[in-house]
Structures are given as structure tokens and as C-alpha cells.
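> attaching a predicted model along with its sequence, questions to come.
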Amino acid sequence: MVPNHCRATFDRRTLVGETRDSILEQIKEVIMKAKTKDHELEAEVYYSEGFEDCWTGNKIKTERFFPAWFYEEDNEFIQRIYTALNNINLNSEISHYSFCTNGSHYAGEKDIPTLGFGPSDAHLAHVKDEYIEIEQLKKGYAGYYKIIEELLV
């Protein structure tokens, strides 16, 4: 038997400068091209929606679009935190995340200066048997404290 309906969900990472519409347009172009080969094809594309219950009892509904953001290495905000972390011998490095965070909302949508910082290795996050070494935990604590201290100045 051949099913008469199929639904696919894709988790696509965004690039800096891409918009909700520009991403949808790319997929719509693929659908239009496919329709030229299969005239019976019916397809639509849209962002999925998330529903969450708040502690207040309110319900939040939001579209699942998460914009990328990027700062140059010499950005004042980045350098300020980088210097502060290195001043307490954390030997931080400036890099990037290849995964999504809440920063997509704060930096990508609200233009609030945002950076990622965390102890341990990213490949250990959100996996079976996730763990952190005690020394990494201590460094993480010191780093978070220093970031807060720096931002409160």
C-alpha cells in the first residue's frame, strides 16, 4: 500500500542574515520545481508552532524560528567578557556554537548583547550519561560569577 499523506519535519539551522521569509522561499522553490515533475503533488511549507505553559498559568504559542547571530571577535561586548574571563585564568577562546540556544531570541530578535559560556565540552551536553567533571564545574562557577560581576560594573 502507498500512503496518501506524508508529513515531514525538518530542523534547519539558520545563517546570519536569513529571515523567516527567505528560508520559506527556498523551500517553496524546491516544491515548485517538484510540482513541474509531479503535477498531482500537493505540498505546503510552514513553521511549526510551540506551546508552553508558564508558571503563571498563561499559555504561550510561538513560531519555531530561531535566527542566527554573530559578533566580530573585536566586538566591545565580546572583548570585555573575554578579557574578564582570561583575567581569572580561564583561558577562554572565542568561537561559535553550532547548536541553538535561547540567544537566538535575545541576540537574533531583540538585539540584546548575548554570548554563550559554559563549562565542559559541548558534545557532552544533552546526551545519554551527560556529565561534568568537578574541576570544570568550579571553573564554570568562577566564569559565570566573573561575567555577572563584569556586566554589573
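Okay, I see it. All values reported here derive from a predicted model rather than from experimental measurement.
> residue ranges with poor pLDDT in the chain?
Counting by pLDDT under 70, the chain contains no low-confidence range.
> SS state for the residue minimising distance to the centre of it?
What sits nearest the mean C-alpha location of the chain, by Cα atoms, centre = their mean, is Cys100, with 2.0 Å. Following DSSP: H, G, I helix; E, B strand; the rest coil, Cys100 is assigned to coil.
> from Asp53, how far out is the residue nearest to it when sequence neighbours are not counted?
Distance criterion Cβ to Cβ, 6 or more residues apart in numbering; nearest residue to Cys100, sequence neighbours excluded, is Phe66 at 5.2 Å. Glycine gets a C-beta too; all of them are placed from N, C-alpha and C. According to Cβ to Cβ, to the nearest Å, Phe66 and Asp53 sit 20 Å apart.
> who's more crowded, these two?
Phe66 (18 against 9; other Cβ atoms under 10 Å).
> and that one, what does it touch?
14, 100, 104-105, 108 (Cβ atoms under 8 Å, 6 or more residues apart in numbering).
> from Ile23, how far out is it?
Distance, Phe66 to Ile23, by Cβ to Cβ: 11 Å.
> shared neighbours, those two?
Common contacts of Phe66 and Ile23 (Cβ under 8 Å, 6+ apart): Thr14.
> list the residues that contact Ala84.
With Cβ under 8 Å, 6+ apart, Ala84 has these contacts: 146-147, 149-150.
> can you tell me the helix or strand for the residue nearest to Cys100?
In the assignment (DSSP states H and E), Phe66 maps to no helix and no strand.
> could you report the separation of Trp69 from Ala107?
Distance of Trp69 to Ala107, computed by Cβ to Cβ: 4 Å.
> overlap in contacts of those two?
The contact sets of Trp69 and Ala107 overlap at Thr114 (Cβ under 8 Å, 6+ apart).
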